[in-house]
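[1] just coords:
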C-alpha cells in the first residue's frame, strides 16, 4: 500500500471540516438575508469611508462576488470603498493584517446585483459583514457560504 494515499491534502481536510460543520448545523439555519446597502450605511456611520473606484479592484470584486454569490452582467452596480485610517476607524486598523497595516488600506467592494461583498485588509470586518448580511434560502444550500456564516456566527 502506498503510504502517501493515507494522508489527506489540505483541500480535502478543509472540505471535510466544512461538510461536517454544515451537516451538523444546516437544520438550524433560516433565511435572514440583509441588504448589503444597509450594511454599508451602518459601516459608514462607524468608520470613515470614501469611494474607491480603482478598475483593477472593481474587477476583483466582480469576479469574487460573481463566483461566490452568482454571476451578474451589470458592472455599473459594483462599487468600491476604502476605509480611511483615522481616529474614527482606528480600532479596525489596529486589528487588521500586518501587511495591510503598512499600506493603510481596508477595502470593501459590493455587488448590488447579487447582494455580494468582498473585503481586503480586515478579516475582522469580513466576518462581521458575513454575520450581519445573513443568508438567503438559496445560500443556505451552498455548503461554503452557509459554513462561513455558521463559523462567523459562533465566534
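    Yes, it's here. This structure is a prediction, so every number in the text was calculated from the model and none was measured.

[2] wouldn't residue 107 be in contact with residue 82 here?
    Yes: using Cβ atoms under 8 Å, residue 107 is in contact with residue 82, at 5.6 Å. For every residue, glycine as well, the C-beta is placed using N, CA and C.

[3] what separates stretch 26-39 from the chain centre, distance-wise?
    13 Å (Cα atoms, centre = their mean, to the nearest Å).

[4] overlap in contacts of residue 107 and residue 82?
    Contact with both residue 107 and residue 82 is made by residues residue 52, according to Cβ atoms under 8 Å, 6 or more residues apart in numbering.

[5] if I look at residue 150, how far off is residue 134?
    Remark: distance between residue 150 and residue 134 (Cβ to Cβ, to the nearest Å) = 12 Å.

[6] no wait, residue 152
    11 Å.

[7] same check, this time on residue 35
    With the distance defined as Cβ to Cβ, residue 35 ends up 10 Å from residue 134.

[8] In terms of neighbours, single out the busier of those two.
    residue 134 (18 against 11; other Cβ atoms under 10 Å).

[9] Contact partners for that one?
    Per Cβ under 8 Å, 6+ apart, neighbours of residue 134: 31, 32, 33, 34, 149.

[10] do that again at 10 Å, thanks
    Shown in contact with residue 134 (Cβ atoms under 10 Å, 6 or more residues apart in numbering): 29, 30, 31, 32, 33, 34, 39, 115, 140, 149, 153.

[11] Separate out the buried members of those residues.
    Among those, those classed as buried by 16 or more other Cβ atoms under 10 Å are 29, 39, 115, 140, 149.

[12] In space, what's closest to the fourth one - neighbours in sequence excluded?
    Think residue 140. residue 29 (4.8 Å; Cβ to Cβ, 6 or more residues apart in numbering).

[13] The one you found against residue 148, yeah?
    No: with contacts counted by Cβ atoms under 10 Å, residue 29 stays clear of residue 148, the gap being 11.9 Å.

[14] Give the residues shared as contacts by the two.
    135, 139.

[15] Are we agreed that residue 118 is in a helix?
    No: read with DSSP: H, G, I helix; E, B strand; the rest coil, residue 118 is strand and lies in no helix.

[16] That concludes my questions; thank you for your assistance.
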